[in-house]
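Engineer: Sharing a model that was predicted from the sequence below.
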Amino acid sequence: MNALQRHRRLTEIWASDPGFRGWFSTVNHTDLGRMFLATAFFFFIVGGILSMLIRAQLATPHSAFAGPEIYNQIFTMHGTIMMFLFAIPTFEGLAIYLLPKILGTRDLAFPRLTAYGFWCYVFGGTMLLVSMLLGIAPDGGWFMYPPLSGPLFSPGINTDFWLIGITFVEISAIAAAVELTVSILKYRAPGMSLDKMPIFAWYALVTALMILTGFPPLILGSVLLELERAFGLPFFQVDLGGDSLLWQHLFWLFGHPEVYIIFLPAAGVISTVLPVMCRTTLLGYGWIVAAAVALAFLSFGLWVHHMFTTGIPHMGLAFFSAASTLVAVPTGVQIFAWIGTMWKGRPELHLPMLHILGFFFTFVIGGLTGVMVAVVPFDWQAHDTAFITAHLHYVLFGGFVFPIFAGIYYWLPHFTGRKRFFRLGELAFGLIFAGFHVTFLAMHWVGLLGQRRRIPTYAPEDGWTTINLISSVGSFVLTIGIAVLLIDVILHVLTAVRGRRNPWNAGTLEWAMMTPAPAYNFASLPHVTSREPVAEDPELCVALARGQGYLGEPRHGWRETLTVDIASGTPDYHVIYPANTRLPILMSAVTGVFFLSLLLKFYWTIPVAMIGVAILAWRWVWGLGLKEDIPPQGIGRGQEVPHAASVARSPGWWGTTFLLTANATFFGSLLFGFAFLWTVAPGWPPPEWLAPSALELGIGLAGIVAAPIAARLARRSQAPLPFLAIAGAGILAIGAVCAALMLRTPDPTGHAYGATLLVLGGYGLFHAALAALMVAFLAARVRRGFVSPLRRAELPIVGLWIDYLATIALLILLAGHLPGLLS
Amino acid sequence: MLGGAALIFALVMTLLVLPFLRRGRAGSDGSRVRIWIVGLGLVFPMVVLAALLAYGLVVGERLLPREADDVVRVGAEGRLSAWTFSYEDAPGRATEGVLHIPARRPVDVSITTADVIHSFWVPRLAGKLDAIPGYVNVLRIEADAPGTYEGVSAEFSGPGYDSFTFAVTAHDADGWEAFLRGETQ
Amino acid sequence: MRDIIRILISPLVWLAAFSAVYGLHGLICGHGIDGEAFGLPLPRLLLVAAYAAAILVQLPILWALYSPRFASPSPFVRFVSRATGWVGLVATVWSLLPVVMTSYCG
Ligand code: HEM
Ligand SMILES: [Cu+2]
Ligand SMILES: [Cu+2]
């Protein structure tokens, strides 16, 4: 088979359906990455237009451009769209597009999940857009503090759009994070040990892990606030045992890591692009990895710096002030490693480099003002003024938008296979850079003069008129610059000047394929021996196209790839991907019906949607089943590895592990909320505790012990059905006592204590139902002959869920019954 | 603080521009790591930040309400869209929109709210402190001279937020006595 | 997976210790715990003890990351895990320093 024939065969196997109908059934990461990026930039434009409206309103005093009701919606939607619908999805899109290519493999770990996440993002984003078009958009500011956002002060549907829409979008972030984590750890080219991973993959790994642990607190907060709004469970109402500060803790427990979730991928882009622009390699690779890990962790210890003015005792503030200054150190390490890289090489002023310089200039200022507001007394003055808005834009625009623009121009030849023809990019950069700094330097200044953020207008006597006008003019220059940039990119896509394959002479694997990328990425998978395989062997692309790597012979119509051992990168097992399907879009549509029913309070369609999701999920997983054993497979180069269905730690097992990590963070946040209310909220202790019941405790404990043991026995046994039955019984017992907890909890609308127990019980019941469904699924699998010694990967996965259920059930029972026992 | 920040910024920008002017230098990665990453990336920020942190903690400590004999205690309750002030030295007395205090004496303002979160901020007298449902936060302020100081509510509270302001009137000793006796409005 | 744990363990322990000390501080101030022991106010004593414990937990981890028995076989992971090991220790000392510097409830 020659290279062209191989290309044809592989394309037949991997291609999406032709035409626009292929968009709805594609599961290919290249397609979905592009779709993600295009959608994210659409939202960037929407958010940008909203920011123009803000600046138009603030340009003159006593502006009558928009009334306060509309203005509040505008800035809330601007912040919300930029953070949730532009920044995070842009990272997801870039990582989804790039990672398999840069890691030297053919797709991400769970292709259908990629598609599901994308459609959840689209539908959730659409919900928010619709609210805006109808003039009922969220209006409480992007951090939605109760009680202002609670049922008493925001009775309209506006806030519900935010809580429900954002949670829906968040599903896509969690899905992408699980997917990226597993892909980076397991789906790499053979030979790529941890130290040979491209630096972008390290950043993406750290970011994905941060999403898994950073987003659950916000999801929990949104669930609780929505429960309060819809059913009167008073989590945030102080006179009923709630506490509005709980929201602030949950929100910023998410909100600060969020800033680094946005910054780290951008830093990954810089670490990738900058050395290429300087014709050298990155200085201090190991240092940068350590700095990224350190940054990720430290950023979870800073959240209270958003609450410096809430009256927390001084020592409490001081902890977070100290941690907030410390976080500048790993940032400094990265900045100076990059500058050192520039000194090591010969920097050339290509367009991506311009944006990187824009990044340095802007981000360093943002970092310095950030250190200033980490100092508590200064923050007491600056907090909630335009100074903070200016600071946050220096960080977000400097630390994200400039690097992403650099990345776009760097990878544009890869996206399109074309050369830049019109040269609008330099002009665009100049306008953006100048416009940005005029806009936000002015806002720093007017903030120091005392202008509060989020005010719809001000008076001429305040003396802010000129500065605001300058700022608004700057923002229009900025917008024109962005428009020029977008035109430049569109023209690039439309002009037909074919470019060289590796125009920047980069060393990473994404340049060892034809561009635009074929659906299968690599005709055969490379064996990696260095961090820059293409620099090592410039002819690598040709060798791979000739099938000289792994899995070079297309067979059985399989979409095949390999996984590797996490640390050493030796081939681990053989994977066959599912093919094109509309299941993901269908499932996210039904998920959307669920969220929409919540929003519109059509409570009778909620169970329908839930059953729909369950049925589709069943089909989803069922389709992966094999009726026959796949023996160990030859992968070329004289090696043979087992198939994924026969191993204990299959891709699904890894995915479940990380999904449960996110889930455990969610549950941990719930327990934190319980402890917080108990110890801090003014309205405690509650009028009555739940009456403890020895019977319930006994039944629950029996289930907690029986289910995991039976699941373990089922894994070992040749005839697992009886053990599955016992596990099922144990799960039902757990479900029953959780339901009893929900039924017996004292007055959930009367005090936050009862409300918390209701949620705890509901969480347990939900997981029991889930586990029961899984056990039923396994039983069906066994009976239909889908399970054999070489096909038993599903048993350990369900085992993980059962272990998780047992653990949380124990904690729920303790949290529910112990206080009553003790008092 | 601003000066120091400007200095650091200038340093970084210089280091950024220089490599464009002079072409790649021989040298080992080991020594580069020592200079750039350990020296400039690690040690330099840690020294600067340690100093800054110590400064911040000490200043913050000094701003705390300390026990003193001549402290005046007043209350401030935020409520959409006005502040109501009460006075420990004049029980039953309440003013709306204007807080009266004596000049040149430390005043502890007990801040709370009747509805949503607000923030009490008189820029010329002190930093801001939030009014949070169910809590009473105490802010120490002190006016150096008699006069009127403008205050604003500094936490977004929905429509009407921009005009949610108040004033602080600082009296001299006689004026304060007069106010407590109810002779001033 | 072991290598990943080697890299993450120290900062993870820092995060746990940091949250625990913050929680302890909240508890002390929220519940007005007071008193004296060994001539020192009890709250201060408790906090300083927690601070010391947090540092003491970091030390053996760092030691293990250097000892041939527990260190990673890969030189790269050895380097990164030791670096993050130092991060854990320095972060503990630094971020909890207010325990000995500022007043506790006020
Ligand atoms: C395109 C250029 C942009 C301009 C001209 C702009 C302008 C503004 C202005 C004037 C405000 C504040 C209004 C106020 O509270 O008084 C604001 C708020 C905000 N912006 Fe931007 N912005 C831009 C881009 C971005 C980007 C790229 C992000 C994030 C990735 C972002 C995130 C935010 C957030 C989170 C807020 C706070 C919203 C709130 O207070 O609830 N902005 N922006
Ligand atoms: Cu923050
Ligand atoms: Cu605030």
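Structural biologist: All right, it came through fine. Numbering: from 1, shown residues only, chains lettered A, B, ... in the order given. Ligands and ions are numbered 1, 2, ... in the order given.

Engineer: Nearest residue to the middle of the chain?
Structural biologist: No chain specified, so I'll use chain A. residue A:173 (3.0 Å; CA atoms, centre = their mean).

Engineer: other chain: chain B
Structural biologist: Note: chain B centre (CA atoms, centre = their mean) maps to residue B:127, 1.8 Å.

Engineer: about what we covered before: pretty sure the residue nearest to the centre of chain A contacts residue A:215?
Structural biologist: Yes - here residue A:173 reaches residue A:215: they are 5.7 Å apart, a contact under CB atoms under 8 Å. (Glycine included, C-beta is placed from N, CA and C.)

Engineer: Excluding chain neighbours, give the residue nearest to residue B:16 in space.
Structural biologist: Nearest non-adjacent residue to residue B:16, counting by CB to CB, 6 or more residues apart in numbering or on different chains: residue A:360, 5.5 Å away.

Engineer: Wait, residue A:732 touches residue A:703, no?
Structural biologist: Yes - the pair residue A:732 and residue A:703 passes the contact test of CB under 8 Å, sitting 7.5 Å apart.

Engineer: Comparing those two, which residue is more hemmed in?
Structural biologist: Neighbour count, other CB atoms under 10 Å in any protein chain shown: between residue A:732 and residue A:703, residue A:703 has more, with 26 against 17.

Engineer: Run through the helices of the stretch 601-750 of chain A in chain order.
Structural biologist: Under the criterion DSSP state H, counting those that start in this stretch, helices of the stretch 601-750 of chain A are mapped to A:605-622, A:651-680, A:694-716, A:721-744.

Engineer: With respect to ligand 3, which of those lies nearest?
Structural biologist: helix A:651-680 (18.4 Å; CB to the ion).

Engineer: what's around the nearest residue to residue B:40 once chain neighbours are set aside, how many residues?
Structural biologist: Spatial nearest neighbour of residue B:40, chain neighbours left out: residue A:336 (4.4 Å); criterion: CB to CB, 6+ apart. Residues near residue A:336, counting by other CB under 10 Å, number 25.

Engineer: what about residue A:336, distance to residue A:290?
Structural biologist: 14 Å (CB to CB, to the nearest Å).

Engineer: what do you get for residue C:11?
Structural biologist: Distance, residue C:11 to residue A:290, by CB to CB: 10 Å.

Engineer: between those two, what contacts are shared?
Structural biologist: Common contact partners of residue C:11 and residue A:290 (CB atoms under 8 Å, 6 or more residues apart in numbering or on different chains): C:84, C:87.

Engineer: Pass me the low-pLDDT residue ranges in the chain, would you?
Structural biologist: Reading this off chain A. A:496 (pLDDT under 70).

Engineer: You answered for a different chain; I wanted chain B.
Structural biologist: B:23-26, B:185.

Engineer: ok, which residues in it are in contact with ligand 3?
Structural biologist: Proximity of chain B to ligand 3, by CB under 5 Å from the ion, involves residues residue B:155.

Engineer: Residue of chain B nearest chain A, please.
Structural biologist: The nearest approach of chain B to chain A comes at residue B:127, 2.3 Å away (CB to the nearest CB).

Engineer: what's the burial count for residue A:427?
Structural biologist: Residue A:427: 14 neighbours (other CB under 10 Å).

Engineer: Over to residue A:433?
Structural biologist: Counted with other CB under 10 Å, the neighbours of residue A:433 add up to 20.

Engineer: repeat for the one 10 residues further on
Structural biologist: Residue A:443 is surrounded by 29 other residues when neighbours are defined as other CB under 10 Å.

Engineer: which stretches of the stretch 251-400 of chain A form helices?
Structural biologist: A:285-298, A:314-326, A:328-344, A:351-374, A:376-382, A:386-396.

Engineer: Domains in chain B, by residue range?
Structural biologist: B:2-63, B:72-180 (automatic domain parsing).
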